[in-house]
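[1] prediction below, plus the sequence it came from.
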Amino acid sequence: MAVRVEDKGNGVTLLTLVGQSDRNYLDTDALLELADTAGALATRPGLRVLVVTGAGDTFCGGRKGKTGLTQASDVADDLNAILKVNSAFAALPVPTVLAVEGAAFGWGFGMSAQADYVVAAADAVFALPEMSHGMPPLIVLSYLFRFVSYKRGFELSLTSREISAADAERYGIITEVVPKGATLAAAMKVADFIAAQDAKSISLLRKFGREAAQLADPTRSEYAVSLMSVLLAERALAAQQNPNATQH
């Protein structure tokens with residue numbers, strides 16, 4: 001199981017990401033499971049808040065996609081798992097509160113940007129490491145500029161630079177910073193506060209707020225997938241044809 005779901009009472013549900021290795025990576029199957037889980041939670045009676053955290057001391061080290069795919073359509077199917085997760089969380093009728101310890105890289109960075117409220121540990125680090133592997137993080141960029149300036153987002157993508165929780169808060173990616181080990185307790189406190197409010201008002205606040213901020217643009221995300229699919233398929237094919245060549 002890539003996710004663990006716990007009912008914490010008072011309409012609060014805790015979802016824990018259980019990935020691979022101590023870096024808590026999520027592969028394609030894990031992302032699809034996460035999308036299905038979020039979709040099921042959307043119809044759970046009495047749900048008021050969803051809190052998301054990572055197993056161990058790492059939120060998420062990023063996504064591990066399938067390798068060796070030489071057909072753009074196959075790469076697109078793999079990448080579309082990300083879009084399914086994003087869509088499932090965006091469709092939730094309740095706020096999502098994240099508790100981030102350790103690293104939030106790649107997909108974990110993107111999830112942090114998209115969530116409604118994010119509590120991060122003071123020593124947490126955030127990064128888009130894709131370009132260090134020669135792959136532009138186009139899916140994250142399809143919505144990242146809703147939160148940060150173009151120049152900042154371009155620089156973070158270009159350099160794969162790790163940023164601190166304090167910088168992530170300053171850039172508008174997360175909401176607040178707390179001491180190491182205190183994120184889940186702080187996130188549950190936020191969740192309890194939200195759960196105590198009028199349910200319909202909270203749902204409208206989230207729905208209208210996200211629409212007004214134009215947080216989701218499926219067309220742009222799908223375009224990002226199409227561009228990346230061609231790039232990655234061509235690269236995999238070239239690697240098969242010339243295995244001794246260095247790929248960037």
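    Nice, thanks for sending it over.
[2] and the helix ranked longest in the chain, C-alpha only, in CSV?
    Determined from DSSP state H, the single longest helix within the chain is helix 218-241. Provided in CSV are the C-alpha atoms of helix 218-241 (Å, rounded to 0.1, in the frame of the first residue of the first chain):
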residue,chain,number,x,y,z
PRO,A,218,-6.0,21.2,-17.2
THR,A,219,-5.2,22.3,-20.7
ARG,A,220,-1.8,23.7,-19.8
SER,A,221,-1.0,20.5,-17.7
GLU,A,222,-2.0,18.3,-20.6
TYR,A,223,0.2,20.4,-22.9
ALA,A,224,3.1,19.9,-20.5
VAL,A,225,2.6,16.1,-20.6
SER,A,226,2.6,16.1,-24.4
LEU,A,227,5.9,18.1,-24.6
MET,A,228,7.6,15.9,-22.0
SER,A,229,6.3,12.7,-23.6
VAL,A,230,8.1,13.5,-26.9
LEU,A,231,11.3,14.5,-25.1
LEU,A,232,11.5,11.5,-22.9
ALA,A,233,10.6,9.0,-25.6
GLU,A,234,13.2,10.4,-28.0
ARG,A,235,15.8,10.2,-25.2
ALA,A,236,14.9,6.6,-24.3
LEU,A,237,15.0,5.6,-28.0
ALA,A,238,18.4,7.3,-28.5
ALA,A,239,19.8,5.5,-25.4
GLN,A,240,18.6,2.1,-26.8
GLN,A,241,20.2,2.8,-30.1
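[3] SS state for residue 15?
    The three-state assignment at residue 15 reads strand, by DSSP: H, G, I helix; E, B strand; the rest coil.
[4] which residue sits closest to it, ignoring its sequence neighbours?
    Closest residue to residue 15 apart from its sequence neighbours, by Cβ to Cβ, 6 or more residues apart in numbering: residue 52 at 4.9 Å. No exception for glycine: its C-beta is placed from N, CA and C like everyone else's.
[5] state the mean pLDDT of the helix or strand where residue 99 lies.
    Per DSSP states H and E, residue 99 falls inside strand 96-100. Average pLDDT, strand 96-100: 98.
[6] chain center to that strand: distance?
    Distance, stretch centre to chain centre, for strand 96-100: 10 Å (Cα atoms, centre = their mean, to the nearest Å).
[7] quick one: strands adjacent to it?
    In the sheet, strand 96-100 lines up against strand 49-54 (parallel), strand 117-121 (parallel) (DSSP bridges).
[8] residues contacting the residue nearest the centre of the chain?
    Central residue of the chain (Cα atoms, centre = their mean): residue 111, 2.1 Å from the mean position. By Cβ atoms under 8 Å, 6 or more residues apart in numbering, residue 111 lies in contact with 52, 60, 89, 98, 104.
[9] now do the longest helix of the chain: distance to the chain's middle.
    Helix 218-241 sits 20 Å away from the centroid of its parent chain (Cα atoms, centre = their mean).
[10] same question for stretch 38-57.
    On Cα atoms, centre = their mean, the centre of stretch 38-57 falls 14 Å from that of its chain.
[11] next one: stretch 233-244
    29 Å.
[12] who touches that stretch?
    67, 68, 69, 70, 71, 72, 74, 75, 134, 245, 247.
[13] measure how buried the closest residue to the second one other than its chain neighbours is and give me the count.
    If I follow you right, that is residue 68. Closest residue to residue 68 apart from its sequence neighbours, by Cβ to Cβ, 6+ apart: residue 236 at 5.6 Å. Residues lying near residue 236 (other Cβ atoms under 10 Å) number 19.
[14] any idea how far residue 1 is from the residue nearest to the centre of the chain?
    18 Å (Cβ to Cβ, to the nearest Å).
[15] what of residue 45?
    23 Å.
[16] out of the two, name the residue with the larger neighbour count.
    Taking neighbours as other Cβ under 10 Å, residue 45 and residue 1 compare with residue 1 leading, 9 against 5.
[17] nice, that's everything, thank you.
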